[in-house]
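**Student:** Kindly generate the corresponding structure for this input.
(4 chains)
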Number of protein chains: 2
Amino acid sequence: MPGQTSRPATITDVAARAGVSVPTVSRVLTGAARVSPDKRRLVEAAISELRFRPSAAARVLASRRSQVIAVIAGETSRYGYAETIRGVEEAARAVGYTVMITVVESADQDELDRAMSATLSQPIAGVIVLKFDPPGVAALHRVPADLPVVALSGVREKNIAQAVLDETRAAEELTAFLLGLGHATVHHVRVPPSRREDGRTTGWRRALRKAGAEVITPYDATWEPRSGRAIGHEIAADASVSAVFCGNDEIAMGVVRGLNDQGLRVPEDVSVVGFDNHPLAEMWSPALTTVEQDFAGMGRRGFDLLAQLVNGEDGRTFSSERPRLLVRDSAAAPAPQRG
Amino acid sequence: MPGQTSRPATITDVAARAGVSVPTVSRVLTGAARVSPDKRRLVEAAISELRFRPSAAARVLASRRSQVIAVIAGETSRYGYAETIRGVEEAARAVGYTVMITVVESADQDELDRAMSATLSQPIAGVIVLKFDPPGVAALHRVPADLPVVALSGVREKNIAQAVLDETRAAEELTAFLLGLGHATVHHVRVPPSRREDGRTTGWRRALRKAGAEVITPYDATWEPRSGRAIGHEIAADASVSAVFCGNDEIAMGVVRGLNDQGLRVPEDVSVVGFDNHPLAEMWSPALTTVEQDFAGMGRRGFDLLAQLVNGEDGRTFSSERPRLLVRDSAAAPAPQRG
DNA sequence: CCCGATTCTGAAAGCGCTATCAAGACCCCG
DNA sequence: CGGGGTCTTGATAGCGCTTTCAGAATCGGG
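**Tutor:** Okay, the predicted model is just below:
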């Protein structure tokens, strides 16, 4: 058996081995046209004997179709990002697609182009952009117009195919919940926003307005939990704060820790709620009241939407998911001595 | 300006526009051979005017070289996995490579082949396997022999290029630290192991043996923090437990929470240490004593190693990283009334 | 038993690029 | 001023597959 370890088998080898023509092998590969059962059997046998694996590069070149999609994101490691990507990958894998990951760290044009060009020159069927942060937003604008693209984010927008997680409504519900507990107002610690104002902040503001509560300028946190801790220290020094809505659970945990550092108890002295339902949120002491965000689900739907676009189906559709409020132990009625 | 929105420009279009031959354009693209400055300028102008972006598919087909690597992992979302992948992507992007992600959920051969074949038929330069769990190990065995491959894991092995994070030593140090605090022995809660015995368990056992301490059968946790909490409940009921070494920080947080649920304090009643230095470990109350694992660094080195292999350089090398012990507040001398 | 309709199959032509090779241009030195 | 380099360039031939397109084979109905 010569050629065992030599170069990988090509479609020509398979055709020769099976005693058929190259196009016939191609036909059984793609399933595009009918092939008689006996030839099909011969071809399949040859394929497995030769351990033939079609070259995606050649395939793409000839067919002008690809089974790869690119995911462009400003981050990959934090909870929301990682889960979203997991959802995309899962849905993609289920239908034989592979996903490429490209991280865009900066919104600067040149850096962006450099980071994206390697990926965009790959043969990809479409792009999914995680529009969670400024680099994501910038990346979205630089995707070539001829490529199908789906944006994933927390806020709806026009003229673009997207899957969204309705942050605004979730934030509004959560804030209203806090207000319902009797807090005069709710302070907000926001995570780095993707635009002038993210959905979480909008929802929070909206709930406050509806209730006629005072809207206090939000604190700005980074993605690092320790930035939340520092803000917790600030908040501890301000006796007017009785309830805090944090942009995500990790920041909320930092805030709680910062409050504890200063001898304040949650929820007895200050109520704190998070966002996302991070796996550790329920482990935290006190268990964090938060709102669940189905990132993986958004990722899956985003892929499904992209698949539709790739197949030339309608694309202006978008799917929104209803968030679920998780009432746990970190929020309670306000303490009389604060605020 | 016709063809503005029509099909993307090809190298032929560029050549025509610049008034040179196709190979000349190719030469400025690849930088493989010298081109006179004036022709180079012409070509570059044509490229940017036409917004030409070379087709990676055609390139791969003609040159038999690819700028894409595949990362195969059993997971993508948990801390260690996500960080490792982040490191790989970072190093890859720095030199113009793109990374493809493939998740292998099961170690079952058929499922594995199905999940991997989509990726392996892509034109990839090499593969990085996260050998953290059984699916990862199984995947490693099914990578075609002709493809450069690097394994990433916590334990060294022979005959394979790999980047490792020396878990065994780290676990040994951490266990020895606990023993040094005066604990008679240290209990272990292990995360799903990648083989008969993972490095963390080995290091723990080794430290115990060296100290002549009793080796108690480990508790088995899943990757879910809540499994740690359940184990915390078990541990609370066993008064002989005074120190617990958890396979990772997330499990440790679960264990601490489980202990708290039963009215036990950490570290006053029981000492608990984690592993990895998860971003929330220092936020936790008490701040978790743990050992830092530079997953991203391992990912970067893994990529560098793979790049060497791809370039035909020696590959048996492997880089190991020295873990760093982080002593915080979750471990203390044993309480006299327990154990 | 003939003819058009239906399957199935193979020859040939690319897909967009790189690799090879040989030809032309230019240089230097004896 | 001729011979042997060194550079730069273009013609040509694929890379491994899919896609026409047309021919061969089979079938059914009148």
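**Student:** and A:Ala281, what does it touch?
**Tutor:** A:249, A:252-253, A:274, A:287-288, A:290, A:326, A:328 (Cβ atoms under 8 Å, 6 or more residues apart in numbering or on different chains). Where you see a C-beta, it was placed from the backbone N, CA and C, and this is true even at glycine.
**Student:** Now flag whichever of these is closest to chain B.
**Tutor:** A:Met253 (5.1 Å; Cβ to the nearest Cβ).
**Student:** Surely the closest one and B:Met283 touch.
**Tutor:** Yes - using Cβ atoms under 8 Å, A:Met253 makes contact with B:Met283 at a distance of 5.1 Å.
**Student:** Farthest pair within the contacts of A:Ala281?
**Tutor:** Spatial extent of the contacts of A:Ala281 (Cβ to Cβ) is set by the pair A:Met253 and A:Leu326 at 14.8 Å.
**Student:** Which one's more surrounded, the two?
**Tutor:** Neighbour totals were compared for A:Met253 and A:Leu326, and A:Met253 leads with 29 against 17 (other Cβ atoms under 10 Å in any protein chain shown).
**Student:** and A:Ala176, how many neighbours does it have?
**Tutor:** Neighbour tally, A:Ala176, other Cβ under 10 Å: 19.
**Student:** Tell me how far it lies from chain B.
**Tutor:** As judged by Cβ to the nearest Cβ, to the nearest Å, A:Ala176 and chain B stand 28 Å apart.
**Student:** Pop out the phi and psi values for that residue.
**Tutor:** phi -60, psi -40 (degrees, to the nearest 10).
**Student:** Find the nearest non-adjacent residue to it, please.
**Tutor:** Distances taken as Cβ to Cβ, 6 or more residues apart in numbering or on different chains place A:Ala207 nearest to A:Ala176, at 4.6 Å, with adjacent residues excluded.
**Student:** need the contact list for A:Thr290.
**Tutor:** Neighbouring residues of A:Thr290 by Cβ under 8 Å, 6+ apart: A:174, A:249, A:252, A:273-278, A:281, A:326, A:328.
**Student:** list the contacts for A:Glu111?
**Tutor:** Going by Cβ under 8 Å, 6+ apart, A:Glu111 touches A:104-105.
**Student:** So for it, what's the pLDDT?
**Tutor:** What the model reports as pLDDT for A:Glu111 is 86.
**Student:** Could you do A:Ser6 as well?
**Tutor:** pLDDT at A:Ser6 comes out at 66.
**Student:** again with A:Ser121
**Tutor:** pLDDT, A:Ser121: 87.
**Student:** Around it, how many other residues sit close by?
**Tutor:** 17.
**Student:** do the same with the one 3 residues further on
**Tutor:** Close neighbours of A:Ile124, defined as other Cβ under 10 Å, add up to 23.
**Student:** Now A:Ala151: phi and psi?
**Tutor:** Dihedral angles phi and psi of A:Ala151 (degrees, to the nearest 10) take the values phi -100, psi 140.
**Student:** sorry, that was for A:Ile101
**Tutor:** phi -110, psi 130.
**Student:** Would you mind confirming that it is in contact with B:Glu89?
**Tutor:** Yes - taking Cβ under 8 Å as the definition, A:Ile101 is a contact partner of B:Glu89 at 5.8 Å.
**Student:** near DNA strand C, which residues of chain A?
**Tutor:** Counting by Cβ under 7 Å from any atom of the strand, chain A comes close to DNA strand C at A:20-24, A:27, A:33-36, A:38-39, A:58, A:61-62, A:64.
**Student:** Give me the buried entries from those.
**Tutor:** A:20, A:24, A:27, A:35, A:39, A:58, A:61 (16 or more other Cβ atoms under 10 Å in any protein chain shown).
**Student:** export those to CSV and tack on distance to B:Leu305, pLDDT and secondary structure?
**Tutor:** Below are these laid out as CSV (distance: Cβ to Cβ, whole Å; pLDDT from 0 to 100; DSSP: H, G, I helix; E, B strand; the rest coil):
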residue, distance to B:Leu305, pLDDT, secondary structure
A:Val20, 43, 91, coil
A:Thr24, 42, 92, helix
A:Arg27, 41, 92, helix
A:Val35, 44, 84, coil
A:Lys39, 45, 87, helix
A:Ala58, 29, 94, helix
A:Leu61, 31, 92, helix
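**Student:** Intersect those with the contacts of DNA strand D.
**Tutor:** For DNA strand D, the contacts drawn from those by Cβ under 7 Å from any atom of the strand are A:27, A:58, A:61.
**Student:** which one of those sits closest to B:Gly74?
**Tutor:** Nearest member of those to B:Gly74, counting by Cβ to Cβ, is A:Ala58, at 30.6 Å.
**Student:** Tell me the pLDDT of the residue nearest the centre of chain A.
**Tutor:** Centroid-nearest residue in chain A: A:Thr84, 3.1 Å away (criterion: Cα atoms, centre = their mean). We have a pLDDT of 97 for A:Thr84.
**Student:** List the contacts of it.
**Tutor:** A:Thr84 touches A:73, A:130, A:152, A:295-296, A:298-299, A:302, counting by Cβ under 8 Å, 6+ apart.
**Student:** so where do the strands sit in chain A?
**Tutor:** Per DSSP state E, chain A carries strands over the ranges A:68-73, A:98-103, A:126-130, A:149-153, A:162-165, A:187-190, A:219-220, A:243-246, A:271-273, A:290-292, A:318-321, A:324-326.
**Student:** DNA strand D: which of the ones you listed is closest?
**Tutor:** strand A:68-73 (14.8 Å; Cβ to the nearest atom of the strand).
**Student:** now the angle from that closest one to strand A:98-103?
**Tutor:** When axes from the mean of the first three to the mean of the last three Cα atoms, to 10 degrees is applied, the directions of strand A:68-73 and strand A:98-103 differ by 30 degrees.
**Student:** check whether strand A:68-73 contacts DNA strand D.
**Tutor:** No - Strand A:68-73 does not reach DNA strand D (Cβ under 7 Å from any atom of the strand); its nearest approach is 14.8 Å.
**Student:** need the helix or strand of chain A with the lowest average pLDDT.
**Tutor:** Ranking every helix and strand in chain A by mean pLDDT, DSSP states H and E puts strand A:318-321 at the bottom, with a mean of 68.
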